[in-house]
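> After the sequence you'll find the predicted model.
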Amino acid sequence: MIATALAGFLAIGWLAIALAPNAVIARFLRPWLVDWPASKLANFERRHLIFLILAIISAQALVSVGMSDLGIALAWDVSAYVDLVLIGLTMATVNNVRATARLIATQWRVRRTVHAKPRRRAKRTLVRRPAEPPVNDDDHPARVPRAA
């Protein structure tokens, strides 16, 4: 009953802020209903969300057993484990995506070269060089330094 009344008052405050932002009550409520929660949510991280989800899931079992301290410690350990598993999955996914991108790029290059139109080879012109006497010929003294 009290929670419903509180939710109603919060809804009326947010409605006043949204409809009349320059009203006195809206300027008074804005730091408490908008700015303060936004600053707290700015520090919210993935590990907090995992811990909150695990706490909500295990809340009924913890209440029925009655060991809330042990349950919170267990939820903290499990949330750290889940966080590490998610990080590992993310890294594996990133590596798989990179490997897949390399494979696709390689296959694309291979298919592009295999399915390309055959090109005619350019005709080579034969360049004939004049025949030179052997280098070890002693009759030509100009050739001797070249052989050394």
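Structure's in. What do you need?
> quick one: buried residues of the helix or strand containing residue 16?
Element membership of residue 16 [criterion: DSSP states H and E] is helix 2-19. The neighbour-count check on helix 2-19 (16 or more other CB atoms under 10 Å) flags 13, 16-17 as buried. (Each C-beta comes from the backbone N, C-alpha and C, glycine too.)
> quick check: longest helix of this structure.
Using DSSP state H, we find that the single longest helix of the chain is helix 68-114.
> follow-up on the earlier one: among the buried residues of helix 2-19, which one sits closest to residue 120?
Relative to residue 120, the closest of the buried residues of helix 2-19 is residue 17; by CB to CB it sits at 76.2 Å.
> Quick check: pLDDT value at the closest one.
Looking at residue 17, its pLDDT is 85.
> Quick check: it touching residue 28?
No. Using CB atoms under 8 Å, residue 17 makes no contact with residue 28, being 9.8 Å away.
> Alpha carbons only: can I get the helix holding residue 16 in PDB?
What follows is helix 2-19, C-alpha atoms only, in PDB (Å, rounded to 0.1, in the frame of the first residue of the first chain):
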ATOM      1  CA  ILE A   2       2.800   2.400   0.900                       C
ATOM      2  CA  ALA A   3       4.800   1.400  -2.200                       C
ATOM      3  CA  THR A   4       1.800   2.100  -4.400                       C
ATOM      4  CA  ALA A   5       1.400   5.600  -2.800                       C
ATOM      5  CA  LEU A   6       5.100   6.300  -3.300                       C
ATOM      6  CA  ALA A   7       4.900   5.100  -6.900                       C
ATOM      7  CA  GLY A   8       1.900   7.400  -7.500                       C
ATOM      8  CA  PHE A   9       3.700  10.400  -5.900                       C
ATOM      9  CA  LEU A  10       6.800   9.700  -8.100                       C
ATOM     10  CA  ALA A  11       4.700   9.500 -11.200                       C
ATOM     11  CA  ILE A  12       3.000  12.800 -10.400                       C
ATOM     12  CA  GLY A  13       6.400  14.400  -9.800                       C
ATOM     13  CA  TRP A  14       7.800  13.100 -13.100                       C
ATOM     14  CA  LEU A  15       4.600  14.200 -14.900                       C
ATOM     15  CA  ALA A  16       4.900  17.700 -13.400                       C
ATOM     16  CA  ILE A  17       8.600  17.900 -14.500                       C
ATOM     17  CA  ALA A  18       7.700  16.700 -18.000                       C
ATOM     18  CA  LEU A  19       4.700  19.000 -18.600                       C
END
